[in-house]
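Visitor: Here is the input, now give the coordinates:
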Amino acid sequence: TTGYDPTCGSASLLLKVADESESGMTIYGQEMDVATAALARMNMILHNNPTAEIKQGNTLSGPLFLDERGRLKAFDFAVANPPFSYKAWSNGFAVQDGTISDIHDRFKDYGIPPKKNGDYAFLLHIIRSLKSKGKGAVILPHGVLFRGGAEGEIRKNIIRRGYIKGIIGLPPNLFYGTGIPACIIVLDKEGAEHRKGIFMVDASKGFEKDGNKNRLREQDIHKIVDVFNKQLEMEKYSRMAPVTEIEANEFNLNIPRYIDSQEGEDIQHIEAHLLGGIPNDDIDALHLYWDVYPTLRKTLFTTGNRVNYSKLLIAHDAIKPSIFSHPEFTAYSKKVDTVFSQWKSKNIPKLRGIAVGDKPKKLIHEISEDLLQVFSSLKLIDKYDVYQHLMVYWSETMQDDVYAW
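Guide: Predicted coordinates:
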């Protein structure tokens, strides 16, 4: 298996990809900056990948990974986080009759990217560098999804070939050097000719603040991976956009056109403010709770003095005690405790049985996946929130103990 990054920087992304490969991976990377390329080579040695090939040079005008015929070498997997909207991408290319000429035919079937914006130049380079069943992921600014002109024509040609398997919209301010939101373009040549849609994920709201940057939590990453790999359609989060719909939108891939992730308006009932009472619409909106606690609603509310309004049956200061002591609430709490106890009983032997030679990454993967599985059957509880608690404890405390053991 081969993995490639044409803009590898210090090679951290390549290392993560190689780390995910169970059978091992031969690593190839190219970086334009001399000092950064040297750092990438050092990183490979430090992370037990001394045979990785890291070359220094301009990937677009002077790609250095070529086959015996001088054509671009093809890889099983490719990843890249190229410089956004790189203005000098065409430096080093030959020009014929005022048009950029590429001996590697990366632009031949799609179109030439704008002279002052290299986003699609990097994307087309990666498409050309993938084997017939190759897969890739490229981080690019959202503009590649909707900009028109030459980029719009290139995007249309890529979509028509079925190379784009999915698009994942990320939160803003994730990457150093820019605060703009980015997206991951997921490429897959396998089965491209039969692809009838592009799977879209709007993951822009799942993050936490980390100093002056935003950061994806473990739960955010796991949710993205789960939803994408299983092609799960979730309201306001993900859906399969048919190519026919994309064509009707003139090949515009802007995620909000396909996923409405806006929060509903907080509607104010003026009549309730003036005359009192609780609108039934507001109570109905808590249906997820009434599904779990079906008789609790009748304990708390009764019919009001006006149509479509209710009123409290108990005093305001008795609301919390009434809920916490309600038989359905206590029964559900016990159910949650039971699920957790079963998970704990199953996994404690794994932790107590740690032996020399065991792999901590495999251990945490097993127990965390089991945690997600057991909590997936419970309503009202986000299994990814539970998962996050475990992963935070793992990274801050438990991980060092396991490695030291």
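
Visitor: which ones are touching residue 291?
Guide: Contacts of residue 291 were listed using CB atoms under 8 Å, 6 or more residues apart in numbering, and they are residue 379. C-beta: built from backbone N, CA, C; applies to glycine.

Visitor: doesn't it fall inside a helix?
Guide: Yes: counting by DSSP: H, G, I helix; E, B strand; the rest coil, one finds residue 291 located in a helix.

Visitor: Residue 331 versus that one, what's the distance?
Guide: Computed as CB to CB, to the nearest Å, the residue 291 to residue 331 distance reads 14 Å.

Visitor: And the average pLDDT for whichever helix in the chain runs longest is what?
Guide: In the chain, ranked by residue count with DSSP state H as the criterion, the top helix is helix 327-352. For helix 327-352, mean pLDDT rounds to 95.

Visitor: Which parts of that helix count as buried, going by neighbours?
Guide: Residues of helix 327-352 classed as buried: 329, 332, 339, 343, 347 (neighbour count, 16 or more other CB atoms under 10 Å).

Visitor: Who are the contact partners of the first one?
Guide: Translated: residue 329. Contacts of residue 329 were listed using CB under 8 Å, 6+ apart, and they are 293, 296, 323.

Visitor: With adjacent residues omitted, what lies nearest to the first one?
Guide: I take that to be residue 293. Leaving out its chain neighbours, the residue that sits closest to residue 293 by CB to CB, 6 or more residues apart in numbering is residue 328, at 4.2 Å.

Visitor: do the same with residue 386
Guide: residue 375 (5.0 Å).

Visitor: That neighbour contacts residue 381, correct?
Guide: Yes: Residue 375 is in contact with residue 381 according to CB atoms under 8 Å; the separation is 6.0 Å.

Visitor: which residues sit in contact with residue 66?
Guide: Applying CB under 8 Å, 6+ apart to residue 66 gives the contacts 72-73.

Visitor: again with the one 5 residues further on
Guide: Shown here is residue 71, whose contacts under the criterion CB under 8 Å, 6+ apart are residue 104.

Visitor: So for it, what's the pLDDT?
Guide: Looking at residue 71, its pLDDT is 94.

Visitor: mind starting the numbering at 592 from now?
Guide: From this message on, residue numbering opens at 592, which makes the last subject residue 662.

Visitor: Would you quantify the distance from it to residue 716?
Guide: Residue 662 sits 13 Å away from residue 716, going by CB to CB.

Visitor: Can I get stretch 712-721 as CSV, trimmed to CA atoms?
Guide: What follows is stretch 712-721, C-alpha atoms only, in CSV (Å, rounded to 0.1, in the frame of the first residue of the first chain):
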residue,chain,number,x,y,z
ALA,A,712,-4.2,22.8,-9.5
PHE,A,713,-3.5,20.8,-6.4
LEU,A,714,-6.7,18.9,-6.6
LEU,A,715,-6.2,17.9,-10.2
HIS,A,716,-2.6,16.9,-9.4
ILE,A,717,-3.9,14.5,-6.7
ILE,A,718,-6.6,13.1,-9.0
ARG,A,719,-3.9,12.4,-11.6
SER,A,720,-1.7,10.8,-9.0
LEU,A,721,-4.2,8.2,-7.8
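
Visitor: which residues sit against that stretch?
Guide: Applying CB under 8 Å, 6+ apart, the contact partners of stretch 712-721 are 595, 597-598, 650-651, 654, 656, 663-667, 669, 671, 673, 677, 680-681, 695-698, 701, 704, 727, 729, 731, 735, 745, 749, 754, 776, 778, 780.

Visitor: Stretch 783-796 now?
Guide: 750, 752-763, 772, 811, 814-815, 818-819, 822, 827-834, 837, 844, 846-847, 849-850, 852.

Visitor: Out of those, which end up buried?
Guide: Buried subset of the contacts of stretch 783-796 (neighbour count, 16+ other CB under 10 Å): 750, 753-762, 772, 811, 814-815, 818-819, 828-830, 832, 834, 837, 844, 846, 849-850.
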